[in-house]
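Chemist: Structure, please.
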Amino acid sequence: MTVTQIEPAGPGVLLAHAPRLHEIYRECFAGPPWSEPESRLADFPNHVRRQLSQPDAGGWLARSDGDIVGAVYGWAAPTQLPRETPFDIAVADAVPPRVRPRMVAPALVVGELMVAESHRRQRIAARLLAAYVATAPAAWLITHRDGGAPAFYRRQGWREDAAFVADGVPLLLFTWAQPRT
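Modeler: Numbering: from 1, shown residues only. Now for the predicted structure:
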């Protein structure tokens, strides 16, 4: 069995690997439960550039035999939940007040977590996610309500804090906080 390496990656490195990440993104989001339309899948290069232009953006890459097989990336959460887009508004409106402190600075936002289909069920996603949040006091992410992702995040110690619908898609908000010592 090949050992998968997990390595930090700044925005420039992630963008340099955007073509491979685009392939992985398609594998993860073209089918159920996401079933993203072709227009959204094709827009991934612009999407990743927008995400990685956020303050303090960065992430981690997973490599197996030199090939990129997974990634996680995100950015520093702002001091207040944004309300600039319909998606931002849906998130902000769904968040219970007790959860807000885990979603603003100095928390991290997980923008994407993805692993190539051929490398799933090898704990790569768990390793990527743990590496990304290792030094953060808190983090949050949004995932589809259906499929295996919610159970995966629960196993990693994340809390399901809200359910909502955005653009007709049933979504869940998960938050995470460093264990108190």
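Chemist: what residue lies at the spatial centre of this protein?
Modeler: Glu112 (2.8 Å; C-alpha atoms, centre = their mean).
Chemist: Just confirm it is within a strand.
Modeler: Yes: judged by DSSP: H, G, I helix; E, B strand; the rest coil, Glu112 forms part of a strand.
Chemist: my guess is it meets Val72, correct?
Modeler: Yes: counting by C-beta atoms under 8 Å, Glu112 does reach Val72; the two are 6.9 Å apart. For glycine as for every other residue, the C-beta is placed from the backbone atoms N, C-alpha and C.
Chemist: all strands of the chain, in order?
Modeler: 4-9, 58-64, 67-76, 108-115, 138-144, 159-166, 169-177 (DSSP state E).
Chemist: can you pull up the bridge partners for the residue nearest to the residue nearest to the centre of the chain when sequence neighbours are not counted?
Modeler: Among residues not flanking Glu112 along the chain, Tyr73 sits closest, at 5.9 Å (C-beta to C-beta, 6 or more residues apart in numbering). Counting by DSSP bridges, Tyr73 is bridged to Gly59, Glu112.
Chemist: What is the neighbour count of Tyr73?
Modeler: As a burial measure, Tyr73 scores 26 neighbours (other C-beta atoms under 10 Å).
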